[in-house]
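**Q** Predicted coordinates and the sequence they were generated for:
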There are 2 protein chains.
Amino acid sequence: MTSTPADRPSAPADLIITGCTVLVHDDQERIGFAEDAAIVVRDGAVVSVTPASDARDLPALERIDARGQVALPGLINCHTHSPMVALRGIAEDLPVGEWFNDHVWPIESNLTARDVELGARLACAEMIRAGVTCFADHYFSMEAVASAVADCGLRAHLGEAFFSSQGAQGRRTSLEFALRHRGTAGGRITTALAPHAPYTVGDTDLAATAELAREHGLPVHIHAAENLEQTETSLARYGRTPVEILETAGLLDTDLLIAHGTGILERDLTVLERADGRVAVATAPRGYLKFAWPTTTPVRALGAIGVPVGLATDGAASNNSLDVWESMALTSLAQKSAEGDPRWLTSRQALHHATLQSARAVGLGDRIGRIAPGHRADIVLVDLTGPHTQPVHDLAATLVHSVRASDVSTTIVDGCVLMRDRELLTVDVSATVGELTRRLPALVDRGHGGRIQEYDT
Amino acid sequence: MTSTPADRPSAPADLIITGCTVLVHDDQERIGFAEDAAIVVRDGAVVSVTPASDARDLPALERIDARGQVALPGLINCHTHSPMVALRGIAEDLPVGEWFNDHVWPIESNLTARDVELGARLACAEMIRAGVTCFADHYFSMEAVASAVADCGLRAHLGEAFFSSQGAQGRRTSLEFALRHRGTAGGRITTALAPHAPYTVGDTDLAATAELAREHGLPVHIHAAENLEQTETSLARYGRTPVEILETAGLLDTDLLIAHGTGILERDLTVLERADGRVAVATAPRGYLKFAWPTTTPVRALGAIGVPVGLATDGAASNNSLDVWESMALTSLAQKSAEGDPRWLTSRQALHHATLQSARAVGLGDRIGRIAPGHRADIVLVDLTGPHTQPVHDLAATLVHSVRASDVSTTIVDGCVLMRDRELLTVDVSATVGELTRRLPALVDRGHGGRIQEYDT
């Protein structure tokens, strides 16, 4: 329990959530649960977490009676391509090369800003319903995603993707987007430069990106060492791993979010450990299993050198959903299996990844990822009355292994309620799906034989 | 589309489900989807699957308007210990030996029939809500489970578990239960003999079980080759694998359901292929990952020799839920990963496991597992309007990889509606959880230092 003098002011609170169990972190970052507690919110931030009885008589503009529910920091999807929900299920049961070259990259050469906006709106609806309050997005026509984010009330970390095949214009567009949208949507939008990957962006462009990042104080979001084959190809072609290429380019001196990293080798750990920038990795284990990659993100080794690992879904064209709750459970299961150690990646460790580490991965460790005074009020309420979550012997295990995304009853960002009792308040799903569906035939046409990029690693 | 002359009788149908997409199988067992169809039900069985327009004017006692929904054969949980939902989360992040010896088996020495009945009721509620219409249960005090099944309306295949440590009485109790309850609950209950495993039931008892199975025409449900370590220990101790022990005992001449089988070796495949009985395996992949076992069920190799593999959850004390929908997705993911082949275990293959193969695994291949004339009306309706299931490019992929258990709107067994629009009609969850919770302190006490059995393999 924490409280500040500010929790007894004369002005009413904007919101008090009361009677719930609150997931809290102690000063050692250990996860605990404050029972029968109240969360007091003002100006979009948490003012205090108090015993419910202390908040009973506090004035508030809005109160949520959350008895029987658990309040968690909203989940953070640390790497996705939100508009790709439009392609959910379009390219199934394929190796990654065919998935890119025969389906995704041909289709993406048809993309319009309207497709992107509708996809992003649908993705936001899916994430709000699944208790995700912030997502890191890496895609094209990101103006349209920013518009969807502004409207739907989520928090997002956005980057306009580019390839070297676009010439210098790609990099410029990425920079312009990042500068124009940084801090917009009432501060809910943060931005990054978003080179696609070392296998699609050349050394010169990577170095120029690092330079721009330093010059403008921007973070960088990139795919790297996605799978072992990419690392092996990189070694064969250039004598360096993808992580070593990032270092040479100066990208490890920036605040860098690396997607996937299942091809990170032991030699890369030394490189990552000496990085000057705040480097983090996002893991999206469902796709690694589905693509039958031989390894998963080396979460334990990264943890040992202090690199935060955030949870992610990747895009729905490979992952089939934006369900970070599933990513949390699968991270635990895949890591136990990969390490051959059932004691590793306990539920409390999984919750640490889902909260503090994910917040750090998207560069917002001081603002989100915990329910504590001064942090933004990004909160989800989870209903534990379903038969599949009873009885509760170990609340952390219940949250990681029994709770489903559909158990989220209420989703709150910056103190604003985006879903209440499962009712979405900021996205019209039916209208969005209707218009998107009418556009799909043109979007998914692969008859033109073109593609925006070639996967040859 | 299939229909029989019986679909235009003068008497009204008991139930017509109309306007939905129906998962059907053709005569090659290929999965297809009949759109805008109607399912006509009489006397608990499907009479016909017709175009919705043909059923518009048919008289019916009850109609369900299922437009926008998909009708599937109800899911089948081919191996569980349903009352263990009472122990959900009690023993986390442990190797299987500690899980058994320090927690589950000490606790199970406290079990009362009332604990079992309450656990089974809660489990039935969870399964009905998750679209499971039939489960194969292997536990103690199975009278109490049968009572819960009779009341809640599910279909179940029940076996009273026994160890050799119980002496001949264990086997007798298992037989008595199987004979007394076979065909009860209006035919919804079928039964099996249920020796625990080759490492807890000696050769003589296994052979006697096989003899009883043949004499009484009963199937057998057993754990075997659960993990590789058990197989290696068996080889070291006896020079035979668990599957070879089953063969020697004569159990492969019976209708045998083997749980897990992640320790099945290549030499076992020859043994299984020459079995005279109908042998099947149940796979519950979540637990294998969670226990960090080095292998999973060899589904591809078993399929190649014609052994059906059904989907399962195991008990909630290891799996944390009875969510067969998750088992279906994880079977696909774990098999792709284990085989290193993203093309293997496609969504249609997963649905074949979930329907026909699971029905065969529980010995009910001629009665359930498909929506077709003459089959029992065990049907679930799935709502695809959620943002996480839109758009639909590939319905099989949507069902396996995007749909969640919570998307099941309606669950029907033998033509009776057990859940309608997410409202459970046959189990009082709140009362069940209330009484179970009051009993938990006595149930989970491990202070006595005893245990019902020792895991030493």
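**A** Looks like it came in fine.
**Q** Run through the stretch 301-450 of chain A and note the low-pLDDT ranges.
**A** Nowhere does the stretch 301-450 of chain A drop to pLDDT under 70.
**Q** now the residue nearest to A:Ala34 when sequence neighbours are not counted, what's its secondary structure?
**A** Distances taken as Cβ to Cβ, 6 or more residues apart in numbering or on different chains place A:Val22 nearest to A:Ala34, at 4.5 Å, with adjacent residues excluded. All C-beta spots, glycine's among them, are computed from the backbone N, C-alpha and C. Secondary structure, DSSP: H, G, I helix; E, B strand; the rest coil: A:Val22 is strand.
**Q** Who are the contact partners of the closest residue to A:Gly450 other than its chain neighbours?
**A** Nearest residue to A:Gly450, sequence neighbours excluded (Cβ to Cβ, 6+ apart): A:Ser109, at 5.0 Å. Listed by Cβ atoms under 8 Å, 6 or more residues apart in numbering or on different chains, the contact partners of A:Ser109 are A:448, A:450-452.
**Q** what's the farthest-apart pair in those residues?
**A** Distance extremes for the contacts of A:Ser109: the farthest pair is A:His448 and A:Ile452 at 11.4 Å, using Cβ to Cβ.
**Q** which one of those two has more residues nearby?
**A** Each of A:His448 and A:Ile452 has its neighbours counted (other Cβ atoms under 10 Å in any protein chain shown); A:Ile452 has more, 19 against 9.
**Q** what is A:Ala13 paired to in the beta sheet?
**A** Beta-bridge pairing for A:Ala13 (DSSP bridges): A:Ala60.
**Q** Look at it and say how many residues are nearby.
**A** 24.
**Q** do the one 5 residues further on as well
**A** Burial of A:Thr18 is recorded as 21 neighbouring residues (other Cβ under 10 Å).
**Q** Equivalent analysis for A:Thr270, please.
**A** 11.
**Q** likewise A:Glu35?
**A** Neighbour tally, A:Glu35, other Cβ under 10 Å: 13.
**Q** who's in contact with it?
**A** With contact set as Cβ under 8 Å, 6+ apart, A:Glu35 has these partners: A:Thr21.
**Q** mind checking how far it is from chain B?
**A** According to Cβ to the nearest Cβ, to the nearest Å, A:Glu35 stands 15 Å off from chain B.
**Q** still on that earlier bit, now render the contacts of A:Ser109 as TSV, adding distance to B:Glu326 and secondary structure.
**A** Output for the contacts of A:Ser109, formatted as TSV (distance: Cβ to Cβ, whole Å; DSSP: H, G, I helix; E, B strand; the rest coil):
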residue	distance to B:Glu326	secondary structure
A:His448	39	coil
A:Gly450	39	coil
A:Arg451	35	coil
A:Ile452	35	coil
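**Q** got a markdown table for those residues, with distance to A:Lys336 too?
**A** Output for the contacts of A:Ser109, formatted as a markdown table (distance: Cβ to Cβ, whole Å):
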| residue | distance to A:Lys336 |
| --- | --- |
| A:His448 | 45 |
| A:Gly450 | 43 |
| A:Arg451 | 38 |
| A:Ile452 | 38 |
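**Q** Is stretch A:313-326 positioned near chain B?
**A** Yes: Stretch A:313-326 comes into contact with chain B (Cβ under 8 Å from any Cβ of the partner chain), by way of A:316, A:320-323.
**Q** do the same with stretch A:290-304
**A** Yes: counting by Cβ under 8 Å from any Cβ, chain B is contacted by stretch A:290-304 at A:290-294.
**Q** Which ChimeraX command selects the buried ones in those?
**A** When burial is assessed using 16 or more other Cβ atoms under 10 Å in any protein chain shown, the buried subset of the residues of stretch A:290-304 next to chain B is captured in ChimeraX by this command:
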select /A:290,291,292,293
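**Q** Let me know the closest of the residues of stretch A:290-304 next to chain B to B:Arg188.
**A** Relative to B:Arg188, and with distances defined as Cβ to Cβ, the nearest of the residues of stretch A:290-304 next to chain B is A:Lys290, at 36.4 Å.
**Q** Quick check: that closest one vs B:His393, distance?
**A** Counting by Cβ to Cβ, to the nearest Å, the separation of A:Lys290 from B:His393 is 16 Å.
**Q** quick revisit: top of the residues of stretch A:313-326 next to chain B by number of neighbours, please.
**A** The residue in these with the most neighbours, by other Cβ under 10 Å, is A:Leu322 (32 neighbours).
**Q** My understanding was that it contacts A:Met127; is that so?
**A** Yes: taking contacts as Cβ atoms under 8 Å, A:Leu322 lies within contact range of A:Met127: 5.3 Å.
**Q** Need the residues touching each of these two.
**A** Joint contacts of A:Leu322 and A:Met127 (Cβ under 8 Å, 6+ apart) are A:77, A:82, A:135.
**Q** In strands, which of those residues fall?
**A** By the criterion of DSSP state E, membership of the shared contacts of A:Leu322 and A:Met127 in strands covers A:77, A:135.
**Q** Now render the shared contacts of A:Leu322 and A:Met127 as JSON lines, adding distance to chain B and pLDDT.
**A** Converted to JSON lines, those look like this (distance: Cβ to the nearest Cβ, whole Å; pLDDT from 0 to 100):
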{"residue": "A:Asn77", "distance to chain B": "13", "pLDDT": "98"}
{"residue": "A:Ser82", "distance to chain B": "11", "pLDDT": "98"}
{"residue": "A:Phe135", "distance to chain B": "14", "pLDDT": "98"}
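**Q** Can you tell me which of the shared contacts of A:Leu322 and A:Met127 lies closest to B:Phe163?
**A** The closest of these, once distances to B:Phe163 are taken by Cβ to Cβ, is A:Asn77, at 47.0 Å.
**Q** I'd like to know how many residues surround that closest one.
**A** 31.
**Q** which residues sit in contact with the closest residue to it other than its chain neighbours?
**A** Distances taken as Cβ to Cβ, 6+ apart put A:Phe135 closest to A:Asn77, at 4.0 Å, once the chain neighbours are dropped. Taking Cβ under 8 Å, 6+ apart, we find A:Phe135 in contact with A:76-78, A:80, A:82, A:123, A:127, A:154-157, A:322.
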